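Okay, here's the prediction I keep looking at, along with the sequence it came from:
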Amino acid sequence: MAKVSYESLESLGTVEAIDSLIAETVEFFKAMKDGDIDVKLILKDATGGTVTIKNNTKRPLTVKLPEAYAGVPVAGHRELATA
């Protein structure tokens, strides 16, 4: 990783410019598909929950998130029908 001096960062002037030197920006779904990140959605109830993102790369990433999410349970609890 290249060294960046404080003076060079100060001359950039914006957080976005500094961030672009430090971390690569990746799209959320593309990074998931490429295996760069692992994502877990933990639903609290119908109104909210927590999204955890694990960086699988050796470099810092900035993840560009979609404006909205929708979660679908994949292993719901079901009662077995007995006949």
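Good, I have the coordinates.

rest of the way, CA atoms for contacts and neighbours
OK.

got any ranges where the protein has weak pLDDT?
Using pLDDT under 70 as the threshold, the predicted model of the chain has low-confidence ranges 1-21, 73-83.

hey, where'd the strands end up in it?
With strands called from DSSP state E, the chain shows them at 24-27, 37-45, 48-55, 61-64.

Please convert these to CSV, extending it with distance to residue 70 and mean neighbour count.
Formatted as CSV, the entries for the strands of the chain read as follows, by distance: least, Cα to Cα, whole Å; neighbours: other Cα atoms under 10 Å:
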stretch, distance to residue 70, mean neighbour count
strand 24-27, 17, 14
strand 37-45, 10, 13
strand 48-55, 10, 12
strand 61-64, 16, 16
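
what would these look like in CSV with distance to residue 71?
As requested, those are exported to CSV (distance: least, Cα to Cα, whole Å):
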stretch, distance to residue 71
strand 24-27, 18
strand 37-45, 7
strand 48-55, 10
strand 61-64, 18
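
Determine which of these approaches residue 72 most closely.
Proximity of the strands of the chain to residue 72 was assessed by Cα to Cα; the nearest stretch is strand 37-45, lying at 9.6 Å.

Wait, residue 37 touches residue 59, no?
No: if you go by Cα atoms under 8 Å, residue 37 and residue 59 don't touch, sitting 11.5 Å apart.
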